[in-house]
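# Okay, predicted coordinates and the sequence, questions at the end:
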Amino acid sequence: MNIIIVGDGKVGYTLADRLSHEGHDVTIIDKNKMALRKASETLDVLCIMGSGANLRTLVEAGAETTDIIIAATTNDEMNLVCCLAAKQLGTKYSIARIRDPEYTESLTLLQDKLNIDQVVNPERTAALEISRLMRFPFAMNVESFSHGRVEMVEFRVDIEDNLCHIPLYQLHNKYPHVQFSAVLRGNDSIIPDGSFELTPGDRVYVTGERISVTAFFRQLGKDTQRVKNAMLIGGGHTAYYLSKIMAGMGTRLKIIEIDEERCRELSGSIDNGVVISGDGTDREILQSENLREFDALICLTDKDESNLITGLYGKREGMRKVIVKVNRLDIAEVEESLNLESVINPKVSAAESIMRIVDALNQSTGSVMDKVYAMQGGRVEAYEFVARENLPFLNTPLSGLPIKKGVLVSLIIRNRQVIIPFGSDHLEAGDRVILTARAGTIKVLEDAFKKH
Amino acid sequence: MNKRVTFKLVGSVMLVEAALLLLPLFVSLVTKSGDQMSFVITILLTALCGMSLRAIKTPDDTLNAREGCAIVALSWLALSFFGALPFWISGSIPSLLDAFFETVSGFTTTGATILTDVEALPKGLLFWRSLTHWAGGMGVLVLSLAILPKMGGRSIYIMRAESSGPSTEKLVPRVGQTAKILYKLYIGASVVLFIALLICGCNWYDSFIHMFGAAGTGGFSNYAASVAHLNNPAAEIILGVFMVLFGINFSIYYFLFHRNWKMLRQNSEWKVYLSVVAAATIVIAVNILSLPRFQGHFGHALRASFFQVSSIMTTTGYATEDFNLWPQLSRVILLLLMMIGGCAGSTAGGLKVIRLQLLFKCAIRDISRTIHPRSVSVIKLEKRAVDEKVISGVQGYFFISIAIVCLSSVVVALDGFDFETTLTSVMATFFNIGPGLSLVGPTGSFAMMSPLSKLVLTFDMLLGRLEIFPLLMMFAPETWRK
């Protein structure tokens, strides 16, 4: 497909990289010469300098014959105008990145009137991710599938967990309601089979129904108490969205924000928290605000360094849960050595959710991809598909299907029933299937099987 | 530098050359010219070397600007060396240096020759000699990018290093696709020219040879008297027109096909280029009118003038007249046209029209700066601000070009020829034209030069075609350090 990306920032660059590798023809529009130079030299894309809201620039980028325009600049209004202009010129589908709560709350109206097909809100996505992590404080990552019915939780295996050195098929007998979907050992990503044995220090992804996953961790003796109160450093959009989400869960928040004006604004718009004006990266202030009495510390300032350092400080102070927001793209490689468990990256998540939309638009086969989730810095992916009637391989036992090596059918959801599949189970039309596989191997459900 | 990737890709380019060599082998078999063995041996050698380089394992296959330049420079050296083998093996050109000179002259679309009796060469070799023009014109690496499977976004570095002009831009998002479009346009235009020549009554072999020479703006002919030998006014006019067309930036044709009139209107280079061709043609036509040859016949003078201007401006080097005998004004104008050359992104050589446009604008800006010392002004081209880096790059390029011409002239001067021969032999090779004035004029050859001069001139041809920096970079020690 022909795709125009407006805005060559972190989101735009990540998208351009992934989309052009997937075989789409990508054109980037940006005003920043330096950013464009990097993109034009390292990616197989066309770069045009100019404003994405300028009709002439859009025509030059071929907006008349483009399938998708993705407006991912830092400016909401700009993104709206880009989408509007491109649609007028004849672009078929538009995706806008909108962050300001003022706009998001009138989204339905905006989308209809302004002809925007999809809205992506990185801050809100990040807030949702944080709220999931607060439910499983011991987890490093939590991702939900099938509209929140199924959860995939990443955690580190300890010796006292009694999971180590036992083949997985035996573990399956002991914990029949969860699936071990993927394992990260050192720098290796492994899709485990029945004979695989866990060792201490492995990072394991466990998938299952929400209650079963909670029960599994309770059996292991993990801390399944949800976080009751949290301290937030940085009161940006993410903090606002988080407070709205947490309000429904009854969690108390304390938000420390350096800008007084912003503090006043925030305290006027949220109900379930205290807003403190001050530098949240300053130890004195953290102490005087009784950091230790809180279950969790969440660092959401704009500066990666401050977030990481404050996060490490919270870790040393013995906080139950520390969540750190990072904007840089290359953090995944050093994340391990930082000893911080939960690092969230809204830019990457935003790029991923846009990828999902593009992939879904690209489908014309026997299955519909509902969700892709990149695990372990993108080396392994989890996919959620809906099987259609014209999919081959329906109603055949899984043991009789030519499933590719390195692909695991983790879960099947049939009529709201979650099935942990064994060889005797089969696929039916309308099933939701959750697969784990190496990144990039699967685009449609058929890819999981060998060709005849 | 990532040497593994560099050499591996050079290997791919050699395989492409081996494939290209199959064409002259075929011609040689059809015409029974007796030189087929030299091709068979060369193809085997080239393919073998190419395959063994292809076998290099590359754990890390990232390309940077440095690798891009090195791949282009090394590929061109390898292409020229292996391309020279058929001449040497068959014994048609006994000296390996001479064969190398001739092949470099072919690939760089110069058209300078060390042969004194061209017509004695077997037909297969003559075909190959002209085919190198065609392949070198648009670029062998661009051809490789077009036909080899995906090489990723970073291959833009290779394209930039091989294409001519101050800044190379893609036409469509993908490098491979852009290369394909360029070659499609190139092949399309070449086929049209070939058919036109056939219709004019040239035989298929002559048509091929002159199509290659004109499309690549090279200038090798299979006759000593060049195009004049054909004695075919229609073919002359067609070749003249097509040479001018091949000297225009190929993206213009892409816009033309897509009816993108706005880009056509905006682009000023082709307009300036055509204006210069027209102006020079008329001035020279008037100037040579009084020569006894034309006897005041303006039509003949105009035709002769147009062909020579078109041939020199596009740095092809075909001739229908011995312009060496023309009045001084015409000779000086032709010398200036040699320097200007064609448009960026075409098969022509020279400094390129766009560079001179930019230099001219710089000069005007500098004058206005002396009047208004605090003024801030941006140089604009096609209604867009030009990056200051591009401008300083063009100024640097201009200086280095002049410096290379001067230094090479000093070396060639050791041979003791007259001033015109010395200077124009260097200009004719560095700007990829072919014939110069005086002894190296359209009827002369480079055969009498000393081996040292030939070596320097060979190097000048490569420097001119690759626009200096990729080749000079190979001599910087940092390039080879890990």
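On my side now, so go ahead. Numbering: from 1, shown residues only, chains lettered A, B, ... in the order given.
# residue contacts, residue A:84?
Residues near residue A:84 by Cβ atoms under 8 Å, 6 or more residues apart in numbering or on different chains: A:114, A:115, A:116. (Each C-beta comes from the backbone N, C-alpha and C, glycine too.)
# What is the burial count for the residue lying closest to residue A:313 once chain neighbours are set aside?
Counting by Cβ to Cβ, 6 or more residues apart in numbering or on different chains, residue A:313 lies nearest to residue A:283, which is 6.9 Å off, once chain neighbours are set aside. A total of 12 residues lie near residue A:283 under the criterion other Cβ atoms under 10 Å in any protein chain shown.
# For residue A:283, give its distance to residue B:303.
Distance, residue A:283 to residue B:303, using Cβ to Cβ, to the nearest Å: 89 Å.
# got it, and residue A:175?
For residue A:175, the distance to residue B:303 (Cβ to Cβ) stands at 92 Å.
# ok, the contacts of residue A:84 vs chain B, which is closest?
Distance to chain B, by Cβ to the nearest Cβ, is smallest for residue A:116 among those, at 23.9 Å.
# Please name the residues that touch the closest residue to residue B:105 other than its chain neighbours.
Nearest residue to residue B:105, sequence neighbours excluded (Cβ to Cβ, 6+ apart): residue B:112, at 4.7 Å. Applying Cβ under 8 Å, 6+ apart to residue B:112 gives the contacts B:101, B:105, B:317, B:428, B:429, B:433, B:434, B:435, B:440, B:446, B:457, B:461.
# which among these gets closest to chain A?
For the contacts of residue B:112, the residue nearest chain A by Cβ to the nearest Cβ is residue B:461; the value is 28.8 Å.
# Could you point out the helix or strand that follows the helix or strand containing the closest one?
Residue B:461 is located in helix B:451-465, with elements delineated by DSSP states H and E. Counting by DSSP H and E, the next helix or strand C-terminal to helix B:451-465 is helix B:469-473.
# Give me the contact list for that following helix.
So helix B:469-473 is in contact with B:66, B:68-70, B:72-73, B:76, B:161-162, B:459, B:462-463, B:479, going by Cβ under 8 Å, 6+ apart.
# Name the residues of the very next helix or strand once past that helix that are buried.
Following helix B:469-473 in sequence order, the next helix or strand is helix B:477-480 (DSSP H and E). Within helix B:477-480, no residue qualifies as buried by neighbour count (16 or more other Cβ atoms under 10 Å in any protein chain shown).
# Stretch A:177-196 now?
Buried-residue list, stretch A:177-196, by 16+ other Cβ under 10 Å: A:178, A:179, A:180, A:181, A:182, A:183, A:184, A:189, A:190, A:191, A:192, A:196.
# for stretch B:390-398, same thing?
Within stretch B:390-398, the residues scored as buried using 16+ other Cβ under 10 Å are B:391, B:393, B:394, B:397, B:398.
# could you redo the residues you listed as JSON lines and give each row pLDDT, secondary structure and distance to chain A?
Shown next, in JSON lines, are the buried residues of stretch B:390-398 (pLDDT from 0 to 100; DSSP: H, G, I helix; E, B strand; the rest coil; distance: Cβ to the nearest Cβ, whole Å):
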{"residue": "B:391", "pLDDT": "90", "secondary structure": "helix", "distance to chain A": "14"}
{"residue": "B:393", "pLDDT": "90", "secondary structure": "helix", "distance to chain A": "14"}
{"residue": "B:394", "pLDDT": "92", "secondary structure": "helix", "distance to chain A": "18"}
{"residue": "B:397", "pLDDT": "92", "secondary structure": "helix", "distance to chain A": "19"}
{"residue": "B:398", "pLDDT": "94", "secondary structure": "helix", "distance to chain A": "23"}
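# mind putting those in TSV, distance to residue A:412 included?
Converted to TSV, the buried residues of stretch B:390-398 look like this (distance: Cβ to Cβ, whole Å):
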residue	distance to residue A:412
B:391	63
B:393	61
B:394	64
B:397	65
B:398	70
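# any idea which of those residues is the one closest to residue B:258?
residue B:394 (28.5 Å; Cβ to Cβ).
# Report the contact partners of that closest one.
Shown in contact with residue B:394 (Cβ under 8 Å, 6+ apart): B:166, B:355, B:358, B:359, B:362.
# Ignoring the adjacent residues along the chain, who's closest to the residue sitting nearest the centre point of chain B?
In chain B, the residue lying closest to the centroid (Cα atoms, centre = their mean) is residue B:109, at 3.6 Å. Distances taken as Cβ to Cβ, 6+ apart place residue B:218 nearest to residue B:109, at 3.9 Å, with adjacent residues excluded.
# Check residue A:63 too.
Per Cβ to Cβ, 6+ apart, closest to residue A:63 is residue A:89, 4.3 Å.
# Does the one you found touch residue A:58 like I think?
Yes: between residue A:89 and residue A:58 a contact is recorded at 5.9 Å, counting by Cβ atoms under 8 Å.
# Name all residues that make contact with residue 270.
Reading this off chain A. Shown in contact with residue A:270 (Cβ under 8 Å, 6+ apart): A:240, A:243, A:244, A:247, A:253, A:255.
# Please refer instead to chain B.
Residue B:270 touches B:248, B:249, B:252, B:343, counting by Cβ under 8 Å, 6+ apart.
# Stretch B:83-90: how far from the chain's middle?
Distance of stretch B:83-90 from the chain centroid (Cα atoms, centre = their mean, to the nearest Å) equals 21 Å.
# Just the mean pLDDT for it, thanks.
Averaging pLDDT along stretch B:83-90 gives 94.
# From the contacts of residue A:84, list the buried ones, please.
residue A:116.
# centre of the chain versus whichever strand or helix holds residue B:364, how much separation?
Per DSSP H and E, residue B:364 falls inside helix B:353-371. Relative to the centre of its chain, helix B:353-371 is centred 27 Å away, using Cα atoms, centre = their mean.
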